[in-house]
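S.K.: Please find the sequence and the predicted model below.
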Amino acid sequence: MNHRYISSSEVARILHVSPKTVARWAREGHLPHMRTLGGHRRFPKHEIEAMAERLAGIQPPRALASVPR
């Protein structure tokens, strides 16, 4: 098992969201994380990658999917 931890900016890149969204999701308990001695959040890479795969499989609602862009 890979126990590598990644930074908020790496999580943001993987999930295609802003770093502020990552911080909010972590604060709200939606993202597993730990804190370094300096107070920075670190996220388990394998869990973030698994979440990205789950989110990639979610289809947008039909109303949004049919809106021309």
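M.R.: Right, received. Where do you want to start?

S.K.: for the closest residue to residue 32 other than its chain neighbours, helix, strand, or coil?
M.R.: Distance criterion CB to CB, 6 or more residues apart in numbering; nearest residue to residue 32, sequence neighbours excluded, is residue 47 at 5.3 Å. Where C-beta positions appear, they are placed from N, C-alpha and C, glycine not excepted. Three-state call for residue 47 (DSSP: H, G, I helix; E, B strand; the rest coil): helix.

S.K.: roughly how far apart are residue 47 and residue 5?
M.R.: 10 Å (CB to CB, to the nearest Å).

S.K.: So the two - more neighbours on which side?
M.R.: residue 5 (17 against 14; other CB atoms under 10 Å).

S.K.: show me what contacts the more buried one?
M.R.: By CB atoms under 8 Å, 6 or more residues apart in numbering, the residues touching residue 5 are 34, 42, 43, 44, 45.

S.K.: same check, this time on residue 23
M.R.: Per CB under 8 Å, 6+ apart, neighbours of residue 23: 8, 41.

S.K.: Helix or strand next in line after whichever strand or helix holds it, which one?
M.R.: For residue 23, the enclosing helix or strand under DSSP states H and E is helix 19-27. Downstream of helix 19-27, the first helix or strand assigned by DSSP H and E is strand 34-35.

S.K.: Now the element after that next one, going C-ward?
M.R.: Downstream of strand 34-35 (by DSSP H and E), the next one is strand 41-44.

S.K.: Which elements pack onto that next one?
M.R.: strand 5-6, helix 8-15, helix 19-27, strand 34-35 (3 or more CB pairs under 8 Å, 6 or more residues apart in numbering; DSSP states H and E).

S.K.: Go through those and name the closest to residue 56.
M.R.: Nearest to residue 56, of all these, is helix 8-15, at 9.9 Å by CB to CB.

S.K.: In the closest one, which residues are buried?
M.R.: By neighbour count on 16 or more other CB atoms under 10 Å, the buried set for helix 8-15 is 8, 10, 11, 12, 14, 15.
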